[in-house]
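Undergrad: below are the sequence and a predicted model; questions follow.
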Amino acid sequence: MRKLLRLCPVLLAVALLFGAGPAFAGKRVALVIANSAYQHAPSLTNPVNDGSVMARTLKEAGFDIVDSRHDLTAQETRRVLREFADRTRDADIAVVYYAGHGLEVEGSNYLIPVDAKLERDTDVFDEALSLDRVLVAVEPAKQLRLVILDACRDNPFGKTMKRTIASRGVGRGLAQVEPTSSNTLIAYSAKAGFTAQDGDGANSPFTVALSKHLTRPGLDVRRAFGFVRDDVLKSTGNKQEPFVYGSLGGEDVPLVPVKVTAAAAAAPAPNPQADIRRDYELALQVGNRPAWEAFLAQHPDGFYASLAKLQLEKIGAEQAHAAATEKAKQAEAERDRLAALGAQKDTQAKAAADAEAAEQIQLAAQKAKEQAQQQAAAAEQQRVNLAAAAPSAAPASTAGPAGTNVASLTPAIAPADLSRSVQTELGRVGCFSGAADGNWTTSAQRSLSQFNRYAGTKLDVKVASTDALDTVKSKQSRVCPLVCEHGFKTDGDKCTKIVCRDGYALNDDNECEKQRAAKPATAKPATAKRDDGDERPARQRRQAGGEAAGAAGGFGGAAGIAAAAGASRRSSGGQLFCNNSGCRAVNRGCHLEYRGGGGPGNDGNAEVCN
């Protein structure tokens, strides 16, 4: 891990106020290019961050024009250089800062745009930008032409690049260069032929040192790069040495001039607190444990030491929470594995107990992390407020020995208030529809889980945390989709009732569907009603009709016999059996079957008994 940049306070303000060098106050212009998102090579983490730091540093130094661009293609880079060349025509000082990939081919240096493929070594002449092209853009400046290259990284295309000629060399880092124009300096983040480090923080060691020294009022640019070299060597363990090529005259050439009124004024009294504050802000920018430990080694007591200790406690709590979360995941995975394998009950019970204990440790670490974050944020806000009220004054009223509880300046957020704030923000982005009552219930957990799903985050839903609050707050518009009930449709951030026009009705798919016209009812034709008075079966009525017809034909006077026996038939409720001898009721359990024939001496019906 790289060491922290040198934090020793440098008090040169008095000497600079009365220095012999002239104070130039001409027009100053700068171009900042930072390429991170390479399309055909691994992306770089730091260049865009480094570009932002340098652009801000130059703007605060009072440059008339600071054009900051990032992730440029080859065509865009050429256009930007043309536009910048027009701005340098009436400028006294012109600065170009580039962070990204650079490449040396046969002694010439090239800056690599984000769309370069570089499939073969000769492609660099078409797809990359020569360093000479950048020098042409700063050529019109009258007093100082400065090109800064934080591009001495390993060539990402070297392993796949085809060599068209075996003798053509593709070097490591950038090649040494000697400017042909006067008053021109070219600064490398690492000496020619060597590669530079990106560092462990958000910015490279070279850019951090530049932002600290390059724009000091009245400081000659050559001395500024000397201080930059010292800082980078120290922070990288002598593994990286920045280098400057070119030469200037005998007069000092500062990027930021000393004000004329300040030269005539009496020298201000030294302010040690201002130096400590600068060192603190540098450590805050780096933001890791070595930075704060180096700051405390230099400034072990006082107000800023107490703030630094709170920052260390926050980092420790965050690391402990990360370790506890990983341990809880491993315990849960082991418990699930044993359950799937059907291990013995006591083994599963022990694994379940371990998982439960790990989860409790994780929750405790989460609470400790949130408390440390809140204390550090409260203390930092107090420091910012004090600096705004009196930027050059020492915070004497709050300074104290090591161990002072600076976090007590501002009370921490209560858990209920934190839960209420998270619920309110979840409701704003459309993920929570309940009341923001501060109770972190199952409904609130489901809402945060839904936010994770649609926002692509992995926030812990078991507790309401400051991380969750900050993440949800960062979303400016709705995250979770609006879901309306049947009969309603989405209208912006609300549901409105669906109204169908005449002749249409809402179907099950929540769409208006045309209704079919109803068919008119038709009257059924009248049917003849049978005589229910005769309850005999139709077959019997046919048989009786046949018998009556036979009687009418003169077969034994059967009609009279049937009439005489009518009472008996009705009383028995069965059939009548008639022959030449007369008629009688069919015995119970029997019935008549017609077997054909009929007439005198030949009965057509026979009595059949079961």
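TA: Yes, it's here.
Undergrad: who touches residue 87 in this structure?
TA: The contact partners of residue 87, taken as Cβ atoms under 8 Å, 6 or more residues apart in numbering, are 29, 65, 67. Yep, even glycine has a C-beta here, placed from its N, CA and C like the rest.
Undergrad: any idea how far residue 489 is from it?
TA: Going from residue 87 to residue 489 by Cβ to Cβ, to the nearest Å gives 54 Å.
Undergrad: show me the shaky parts of the stretch 51-200 of the chain.
TA: Residues of the stretch 51-200 of the chain that meet the criterion pLDDT under 70 lie in 158-159, 164-173, 199.
Undergrad: report the central residue of the protein.
TA: Nearest to the mean C-alpha position of the chain, by Cα atoms, centre = their mean, lies residue 456 at 4.5 Å.
Undergrad: counting by contacts, list what the biggest helix by length in the chain packs against.
TA: Counting residues, the longest helix found in the chain (DSSP state H) is helix 345-389. Secondary-structure packing of helix 345-389 (3 or more Cβ pairs under 8 Å, 6 or more residues apart in numbering; DSSP states H and E): helix 303-341, helix 466-473.
Undergrad: need the contact partners of whichever helix or strand comes after that helix.
TA: Using DSSP states H and E, the helix or strand that directly follows helix 345-389 along the chain is helix 415-428. The contact list for helix 415-428 (Cβ under 8 Å, 6+ apart) reads 370, 413, 432-434, 436-440, 444, 447-448, 451, 464-466, 468-469, 472-473.
Undergrad: contacting residues for residue 372?
TA: 310, 313, 314, 316, 317, 318.
Undergrad: 6 Å instead?
TA: By Cβ atoms under 6 Å, 6 or more residues apart in numbering, the contact set of residue 372 is 313, 314, 317.
Undergrad: and the first one, what pLDDT?
TA: Right, residue 313. For residue 313, the model assigns a pLDDT of 88.
Undergrad: how close does it sit to residue 35?
TA: 37 Å.
Undergrad: and the two? which has more neighbours close in?
TA: Counted by other Cβ atoms under 10 Å, residue 313 and residue 35 do not tie: residue 35 has more neighbours, with 28 against 18.
Undergrad: show the contacting residues for the more buried one.
TA: Residues near residue 35 by Cβ under 6 Å, 6+ apart: 47, 71, 100, 114.
Undergrad: where along the stretch 451-600 of the chain do the helices fall?
TA: Secondary structure of the stretch 451-600 of the chain, counting by DSSP state H, counting those that start in this stretch: helices at 466-473, 538-552, 558-564, 566-572.
Undergrad: hmm, back to that, in JSON lines: the helices and strands packed on helix 345-389, plus distance to residue 105.
TA: Shown next, in JSON lines, are those (distance: least, Cβ to Cβ, whole Å):
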{"stretch": "helix 303-341", "distance to residue 105": "43"}
{"stretch": "helix 466-473", "distance to residue 105": "45"}
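Undergrad: of the ones you listed, which is nearest residue 40?
TA: Residue 40 lies closest, by Cβ to Cβ, to one member of those: helix 466-473, at 32.2 Å.
Undergrad: give me the contacts around stretch 111-126.
TA: In contact with stretch 111-126 (Cβ under 6 Å, 6+ apart) are residues 35, 37-40, 71-74, 77, 98, 101-103, 105, 110, 127-129, 157, 161-164, 168, 170.
Undergrad: now list the buried members of the residues you listed.
TA: Listed as buried from the contacts of stretch 111-126 are 35, 38, 71-72, 74, 77, 98, 101-103, 105, 110, 127-129, 157, 161, 170; burial here means 16 or more other Cβ atoms under 10 Å.
Undergrad: can you tell me which of those end up in strands?
TA: Using DSSP state E, the subset of the buried ones among the contacts of stretch 111-126 located in strands is 98, 102, 103, 105, 110, 129.
Undergrad: and these, which two are the farthest apart?
TA: Using Cβ to Cβ, the two most remote members of those are 98 and 105, lying 17.2 Å apart.
Undergrad: who are the contact partners of residue 157?
TA: Listed by Cβ under 6 Å, 6+ apart, the contact partners of residue 157 are residue 118.
Undergrad: which neighbouring elements make contact with the strand or helix carrying residue 223?
TA: Here residue 223, judged by DSSP H and E, is contained in helix 221-235. Other elements packing on helix 221-235 under the criterion 3 or more Cβ pairs under 6 Å, 6 or more residues apart in numbering; DSSP states H and E are helix 205-213.
Undergrad: for the helix it packs on, which outside residues touch it?
TA: By Cβ under 6 Å, 6+ apart, helix 205-213 touches 5, 50, 53, 57, 150, 189, 199, 224, 227-228, 231-232, 235-236, 242.
Undergrad: nearest to residue 178 among the residues you listed?
TA: residue 242 (17.1 Å).
Undergrad: how many residues are close by the residue lying closest to the closest one once chain neighbours are set aside?
TA: Leaving aside its sequence neighbours, residue 242 sits nearest to residue 229 (Cβ to Cβ, 6 or more residues apart in numbering; 4.9 Å). Residue 229 has 20 neighbouring residues, counting by other Cβ under 10 Å.
Undergrad: for residue 256, see how far away residue 229 is.
TA: 19 Å.
Undergrad: swap in residue 476?
TA: For residue 476, the distance to residue 256 (Cβ to Cβ) stands at 37 Å.
Undergrad: so which of the two has more stuff around it?
TA: When residue 476 and residue 256 are compared for neighbours, residue 256 comes out ahead with 23 against 8, by other Cβ under 10 Å.
Undergrad: tell me who's in contact with that one.
TA: Shown in contact with residue 256 (Cβ under 6 Å, 6+ apart): 61, 215, 217.
Undergrad: now the residues you listed as CSV including secondary structure and distance to residue 288?
TA: Formatted as CSV, those follow (DSSP: H, G, I helix; E, B strand; the rest coil; distance: Cβ to Cβ, whole Å):
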residue, secondary structure, distance to residue 288
61, coil, 27
215, coil, 25
217, coil, 30
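Undergrad: and the helix or strand residue 69 falls within, what other elements does it pack with?
TA: In the assignment (DSSP H and E), residue 69 maps to strand 65-70. Under the contact definition 3+ Cβ pairs under 6 Å, 6+ apart, strand 65-70 sits against strand 28-34, helix 47-60.
Undergrad: for the shortest one, output the C-alpha coordinates as PDB.
TA: Once non-C-alpha atoms are left out, strand 28-34 reads as follows in PDB (Å, rounded to 0.1, in the frame of the first residue of the first chain):
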ATOM      1  CA  ARG A  28      -4.200  32.400 -18.500                       C
ATOM      2  CA  VAL A  29      -6.100  29.500 -20.200                       C
ATOM      3  CA  ALA A  30      -6.200  25.800 -19.500                       C
ATOM      4  CA  LEU A  31      -7.500  22.600 -21.100                       C
ATOM      5  CA  VAL A  32      -8.100  19.500 -19.000                       C
ATOM      6  CA  ILE A  33      -8.700  16.100 -20.800                       C
ATOM      7  CA  ALA A  34      -9.400  12.900 -18.700                       C
END
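Undergrad: how many neighbours does the nearest residue to residue 433 once chain neighbours are set aside have?
TA: Once flanking residues are discounted, residue 433 sits nearest to residue 427: 6.9 Å by Cβ to Cβ, 6+ apart. The local packing of residue 427 (other Cβ under 10 Å) involves 16 other residues.
Undergrad: how near is the closest residue to residue 347 other than its chain neighbours to residue 361?
TA: In this structure, residue 347 finds its nearest non-sequential neighbour in residue 338, 5.9 Å apart by Cβ to Cβ, 6+ apart. Separation of residue 338 from residue 361 (Cβ to Cβ) stands at 20 Å.
Undergrad: go on, residue 179?
TA: As defined by Cβ to Cβ, residue 179 lies at a distance of 61 Å from residue 361.
Undergrad: would you map the strands across the stretch 451-600 of the chain?
TA: With DSSP state E, counting those that start in this stretch, the ranges of strands along the stretch 451-600 of the chain come out as 488-491, 494-497, 504-506, 512-514, 576-579, 582-585, 590-594.
Undergrad: so which of those is nearest residue 323?
TA: Smallest distance to residue 323 across these (Cβ to Cβ): 44.2 Å, for strand 488-491.
Undergrad: who touches that closest one?
TA: Residues outside strand 488-491 that contact it (Cβ under 6 Å, 6+ apart): 482, 484, 495, 497, 498.
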